[in-house]
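J.: Give me the fold of what follows.
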Amino acid sequence: MQLSLKNDIISPNKFEVLFMLATSSTTAPQENNLIECNADQGFISWLSQAGGSVAITTYQAGKLALVGWNGQQITMLLRQFSKPMGLTVHGSRLALATHHEVYLLANAPTLAYEYLEDQPGRYDALYLPRMTYFTGDLNIHDLEFGREGLWIVNTRFSCLSALSPDFSFVPRWHPKFISEVVPEDRCHLNGLAMVDGKPKYVTALGATDTVGGWRSGKANGGVVVEVESNEIIVDGLSMPHSPIWHDGFLWLLNSGAGEVWCIHPESGDKQVVCVLPGFLRGLCCVGYYALVGLCQIRERHIFGGLPITQRFEQLLCGVAVVDLRNGQQVGMLKFTTGCQELYDVQFLAGVQRPMVLNSERKEIRQAFTAPELNYWLRPSAVIPND
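T.: As a prediction, this is how the structure comes out:
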């Protein structure tokens, strides 16, 4: 059995899930905007017990995908954004980096319950756009909330930056091997791990200081830099991405080799937790488990010659659930049509049936929130004149 709907997709049965998603947007960056995916029993079982939902960005397909659980089966919702990249979660807020903007969204759970007037309770979260920063094309990769607000990885200018109401960005830190903050993507700074609300580690594809200098050594030139000391603590990596701090360890993706790494911060000991059949981007830890994004390789100019192409004849696009205690893959959500590359993967704890709106949706002009009240101002709520 197959379904073909526009936005909100419910799996046809509990054990073999096939989604067929057709979006109505005319600005999708691909000719065929049909997206198909399937989830194996392991992914379904994990998500049904995880107490949350999974958010995925795919800049290649131009979508933010929310994968939830309605108590009986998996659901998926797709929402169009222009080149969605980094996504971060902080309490009830989301921050999303896109081609020219950073969106800040906030959850309005009371309004979520009444989002569909004829189906109350279908959603338990409603993420509404609350603010947009027009940054221009900074090629923002990761972004994270910290004590001093939102930090962005400004890849085009090779620095960590803050957002500003007055400027495109405010530079806050750059690797010491970068001699000047200029729009030349000199090292392809891409990942940021926060510790206690402060930037602690970053990843870059090369310790290079020339225009696009990282490209020639992409297969083994990747580095991890400790922000405070501004020293390289790991080198020789293959296009590393998605560093995160979890349970006292630094975890990251040695993407070009398809590896998930765990690094002990004091001893420097490194462990390859698992190897997966994809170029890896997007890492989120949920207790003993990790959600790992896998990509197929489309552009041989950038991704050719990587170790992962020698390890596997065929690469996958999807999200794997990995048990961090033994490195075993316990489930997979796999995209089979219309989506080849992901960027970020996040877990929405306590939210199982999420809804998100973009600026194209008329509902954002009908939803009103305040600290002590929430209202839908819809045509059905208008009191007619006598």
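
J.: which residues are contacting stretch 369-385?
T.: Residues outside stretch 369-385 that contact it (CB atoms under 8 Å, 6 or more residues apart in numbering): 106, 108, 110, 111, 114, 117, 128, 366, 367, 368. In this view, the C-beta of every residue, glycine as well, is placed from N, C-alpha and C.

J.: and the residues you listed as a markdown table, adding pLDDT and distance to residue 62?
T.: Converted to a markdown table, the contacts of stretch 369-385 look like this (pLDDT from 0 to 100; distance: CB to CB, whole Å):
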| residue | pLDDT | distance to residue 62 |
| --- | --- | --- |
| 106 | 98 | 23 |
| 108 | 97 | 25 |
| 110 | 95 | 30 |
| 111 | 97 | 26 |
| 114 | 95 | 29 |
| 117 | 92 | 29 |
| 128 | 98 | 20 |
| 366 | 95 | 25 |
| 367 | 96 | 24 |
| 368 | 96 | 29 |
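
J.: Show me just the buried residues among these.
T.: If you count burial by 16 or more other CB atoms under 10 Å, the buried members of those come out as 108, 111, 114, 128, 367.

J.: Residue 349 and residue 54 touch, don't they?
T.: No: under the criterion of CB atoms under 8 Å, residue 349 is not in contact with residue 54, lying 10.9 Å apart.

J.: Neighbour count: the two, which is higher?
T.: Neighbour count, other CB atoms under 10 Å: between residue 349 and residue 54, residue 54 has more, with 26 against 13.

J.: ok, that one to residue 223 distance?
T.: For residue 54, the distance to residue 223 equals 29 Å [CB to CB, to the nearest Å].

J.: try residue 114
T.: For residue 114, the distance to residue 223 - CB to CB - is 50 Å.

J.: avg pLDDT for stretch 243-257?
T.: Mean per-residue pLDDT for stretch 243-257: 97.

J.: partners of the residue nearest to the spatial centre of the chain in the sheet?
T.: Per CA atoms, centre = their mean, the C-alpha nearest to the average position across the chain is that of residue 344, at 2.1 Å. Per DSSP bridges, the residues bridged to residue 344 are residue 57.

J.: List the contacts of the residue nearest to residue 307 when sequence neighbours are not counted.
T.: The shortest distance from residue 307 to any non-neighbouring residue, by CB to CB, 6 or more residues apart in numbering, is to residue 257 (4.3 Å). Counting by CB under 8 Å, 6+ apart, residue 257 touches 238, 275, 306, 307, 308, 311.

J.: swap the cut-off to 10 Å and go again
T.: Counting by CB atoms under 10 Å, 6 or more residues apart in numbering, residue 257 makes contact with 219-220, 222, 237-240, 272, 275, 279-280, 306-308, 310-311.
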